[in-house]
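Chemist: coords below, sequence missing:
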């Protein structure tokens with residue numbers, strides 16, 4: 001439960017900006033940035049007008065964020081519209097409050113968006129190209145980011161400033177750790193022997209024709225801009241490759257590797273110490289004529305850390321030590337010992353213990369690798385430029401792809417018919433294009449279904465397509481003989497659930513009239529399950545029943561609380577709640593006390609934020625004129 005509180009309180013804030021930004025690229029098209037439209041607004045929030053396309057786009061994005069695609073479309077449309085309105089109310093409120101987001105904050109946020117990253121760094125060319133493709137100026141996009149950040153800032157000011165008292169925490173654990181005693185009778189789906197009549201089948205078919213529709217399908221034609229295809233057409237000369245090789249020679253160069261050891265004769269505060277340590281170093285150099293460097297380092301080096309390892313300093317890195325030290329290292333041959341070298345630490349005797357010469361691979365050795373890299377680099381420039389031009393050409397020639405194909409010098413390709421739902425068949429799974437979510441969304445978008453070209457669709461960072469419809473097959477009602485078996489199954493299920501409900505009512509009425517659960521169960525062929533000290537997390541009951549039991553009112557004056565629970569499957573459960581024991585904080589709970597305090601506070605903050613939006617919405621002037 002603590003985790004759920006945290007998810008609800010943080011999840012909305014965490015996803016808030018991302019959803020707004022996704023809307024910009026996934027939904028807002030050219031029509032949002034052009035003027036002169038005579039379309040009538042369908043929703044007004046204060047002075048802000050929303051058109052049918054805005055409402056459609058809000059629904060598409062809202063439905064994409066749902067955990068399942070099995071939902072009631074009308075219900076989700078209402079939820080999406082409500083979110084659109086509440087977001088606009090929030091935006092207008094924060095702007096009226098005079099809240100401000102600085103240019104630097106907006107710039108930093110944009111630079112960290114995944115949309116504009118290449119090799120884990122902000123890619124300015126990618127940024128400009130994506131904005132150009134969507135016909136959004138950098139100023140306009142930055143303005144939208146600022147608005148999103150303003151809304152997030154206001155929400156956080158409420159959700160992150162709330163607090164929970166010790167009493168709140170105690171009350172939480174009293175409820176969370178409650179224990180309940182009960183008796184339970186589970187009534188399974190009752191069998192139905194009588195088959196539905198032909199008349200019942202026909203009546204159900206006529207009333208529910210919308211449930212027996214074939215899938216709406218489209219076939220598309222498209223042109224594709226591929227970085228790999230552009231690269232394949234580039235034929236670099238040896239001169240160009242040589243120049244490219246020289247410019248990036250470091251990529252093909254292995255630096256010299258030197259591993260060194262030293263003996264340190266460190267300075268102390270004595271002003272005459274310099275000569276003393278130099279004398280020690282000179283003497284040690286003579287000793288090394290008859291003694292191993294590592295052995296002497298262990299005995300006399302003042303660098304006690306490396307002395308234990310025979311003076312080993314590991315691999316030598318330029319820029320770490322002083323210049324005199326580095327110059328000495330670079331002048332030594334393998335196993336050679338330096339003269340005393342002075343540094344800020346003292347005098348050093350240095351030995352190179354490992355030396356591998358640096359190497360630069362010859363042009364001939366890396367020519368194939370160079371060719372691939374050069375072609376891709378050159379192709380990237382053309383890719384971004386063509387991507388921007390493709391958007392313009394497609395928009396200016398919306399009735400066909402001829403101009404777009406001529407621009408890219410590619411063939412117009414076509415697909416078979418496909419629907420909105422991704423295919424799970426092995427054959428269609430191989431056709432990744434018509435199973436691509438972005439392609440499906442674009443193909444079934446209102447603008448494309450009207451006969452226009454789509455905006456460029458980014459299939460990958462190096463691949464774009466523009467598509468249009470060549471065939472549109474509307475959903476149609478399947479004939480009765482094709483769906484009659486399914487209808488019979490549905491009707492039998494309905495009758496079974498109805499019979500189960502009747503049986504539940506009989507059982508519940510009998511218990512309510514004074515009979516014991518045991519007597520009623522025996523009379524109807526059921527079993528009674530008894531639970532003692534059941535907690536919210538015990539697995540003895542289904543989730544639905546467990547939730548209902550812990551929502552039920554406590555027994556009063558030792559009179560049990562009688563309730564029934566209808567599960568989604570149709571199974572009915574009758575519960576006789578006998579007793580409720582208040583929960584207490586366990587030692588494990590005490591360890592989680594800070595987590596509980598934080599998450600309860602965030603839940604309070606989220607509740608305060610929702611209440612604020614509800615209040616603003618109640619006083620806002622909102623008009624909705626959506627077509628039926």
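Modeler: On my side now, so go ahead. All values derive from a computational prediction rather than experimental measurement.
Chemist: what's the offset of the helix or strand encompassing residue 607 from the middle of its chain?
Modeler: Per DSSP states H and E, residue 607 falls inside helix 593-619. Here helix 593-619 is found 24 Å from its chain centre; the criterion is Cα atoms, centre = their mean, to the nearest Å.
Chemist: kindly provide the whole-number mean pLDDT of whichever helix or strand comes after that helix.
Modeler: Next helix or strand after helix 593-619 toward the C-terminus (DSSP H and E): strand 622-624. Mean pLDDT, computed over strand 622-624, is 94.
Chemist: in the helix holding residue 607, what's buried?
Modeler: 596-606, 609, 612-613 (16 or more other Cβ atoms under 10 Å). All C-beta spots, glycine's among them, are computed from the backbone N, C-alpha and C.
Chemist: list the helices and strands that helix packs on?
Modeler: Using 3 or more Cβ pairs under 8 Å, 6 or more residues apart in numbering; DSSP states H and E as the contact definition, the elements that helix 593-619 packs against are helix 2-26, helix 73-96, helix 138-159, helix 166-176.
Chemist: weakest of these in terms of mean pLDDT?
Modeler: Taking the mean pLDDT of the helices and strands packed on helix 593-619, helix 2-26 comes last: a mean of 41.
Chemist: contacts for whatever helix or strand comes next after that helix, please.
Modeler: Going down the chain from helix 2-26, the next helix or strand is strand 43-45, by DSSP H and E. The contact list for strand 43-45, computed with Cβ atoms under 8 Å, 6 or more residues apart in numbering, reads 49-50, 54-55, 81, 84-85, 88-89, 92, 620-626.
Chemist: which strands border strand 43-45, and is each parallel or antiparallel?
Modeler: Strand 43-45 has the following strand partners under DSSP bridges: strand 48-50 (antiparallel), strand 622-624 (antiparallel).
Chemist: so residue 562 bridges to which residues?
Modeler: Going by DSSP bridges, residue 562 forms beta bridges with residue 576.
Chemist: returning to what we had before: give me the angle between the helix holding residue 607 and helix 166-176.
Modeler: Interaxial angle of helix 593-619 relative to helix 166-176 (axes from the mean of the first three to the mean of the last three Cα atoms, to 10 degrees): 100 degrees.
Chemist: give me the mean pLDDT for helix 593-619.
Modeler: Across helix 593-619, pLDDT averages out at 92.
Chemist: would you turn the buried residues of helix 593-619 into TSV with distance to residue 261?
Modeler: Formatted as TSV, the buried residues of helix 593-619 follow (distance: Cβ to Cβ, whole Å):
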residue	distance to residue 261
596	57
597	56
598	53
599	56
600	60
601	58
602	57
603	61
604	63
605	60
606	62
609	64
612	68
613	69
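Chemist: between those residues, which is nearest residue 75?
Modeler: The nearest member of these to residue 75, counting by Cβ to Cβ, is residue 613 at 20.4 Å.
Chemist: what's the distance between the closest residue to the closest one other than its chain neighbours and residue 66?
Modeler: Take residue 613 and drop its neighbours on the chain: the residue closest to it by Cβ to Cβ, 6 or more residues apart in numbering is residue 86, 5.5 Å away. Look at residue 86 and residue 66: by Cβ to Cβ, to the nearest Å, they are 17 Å apart.
Chemist: next: residue 609.
Modeler: 22 Å.
Chemist: what about residue 411, which SS state?
Modeler: Here residue 411 is coil, with the state taken from DSSP: H, G, I helix; E, B strand; the rest coil.
Chemist: and it, what is it in contact with?
Modeler: Contacts of residue 411 by Cβ under 8 Å, 6+ apart are residue 405.
Chemist: what does residue 264 give?
Modeler: 301-303, 306, 345-348.
Chemist: looking at neighbours, which among these is most surrounded?
Modeler: Counting neighbours by other Cβ atoms under 10 Å, the top entry in the contacts of residue 264 is residue 348, with 27 neighbours.
Chemist: I'd say that one and residue 263 touch.
Modeler: Yes - using Cβ atoms under 8 Å, residue 348 is in contact with residue 263, at 6.9 Å.
Chemist: common neighbours of the two, please.
Modeler: Common neighbours of residue 348 and residue 263 (Cβ under 8 Å, 6+ apart) are residue 281.
Chemist: average pLDDT for stretch 401-408?
Modeler: 95.
Chemist: which of the residues in that stretch are buried?
Modeler: 401, 403-405, 407-408.
Chemist: same check, this time on stretch 220-228
Modeler: Buried-residue list, stretch 220-228, by 16+ other Cβ under 10 Å: 220-227.
Chemist: can I get those in a markdown table with pLDDT, distance to residue 39 and secondary structure?
Modeler: A markdown table is the format used below for those (pLDDT from 0 to 100; distance: Cβ to Cβ, whole Å; DSSP: H, G, I helix; E, B strand; the rest coil):
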| residue | pLDDT | distance to residue 39 | secondary structure |
| --- | --- | --- | --- |
| 220 | 96 | 26 | strand |
| 221 | 96 | 28 | strand |
| 222 | 97 | 28 | strand |
| 223 | 97 | 29 | strand |
| 224 | 96 | 32 | strand |
| 225 | 95 | 31 | strand |
| 226 | 94 | 36 | strand |
| 227 | 93 | 38 | helix |
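Chemist: out of these, which is nearest to residue 512?
Modeler: The nearest one, if we look at the buried residues of stretch 220-228 relative to residue 512 and count by Cβ to Cβ, is residue 220, at 62.1 Å.
Chemist: name the SS class of the residue nearest to the closest one when sequence neighbours are not counted, please.
Modeler: Excluding its sequence neighbours, the residue lying closest to residue 220 (Cβ to Cβ, 6+ apart) is residue 467, at 4.6 Å. Using three-state DSSP, the secondary structure recorded for residue 467 is strand.
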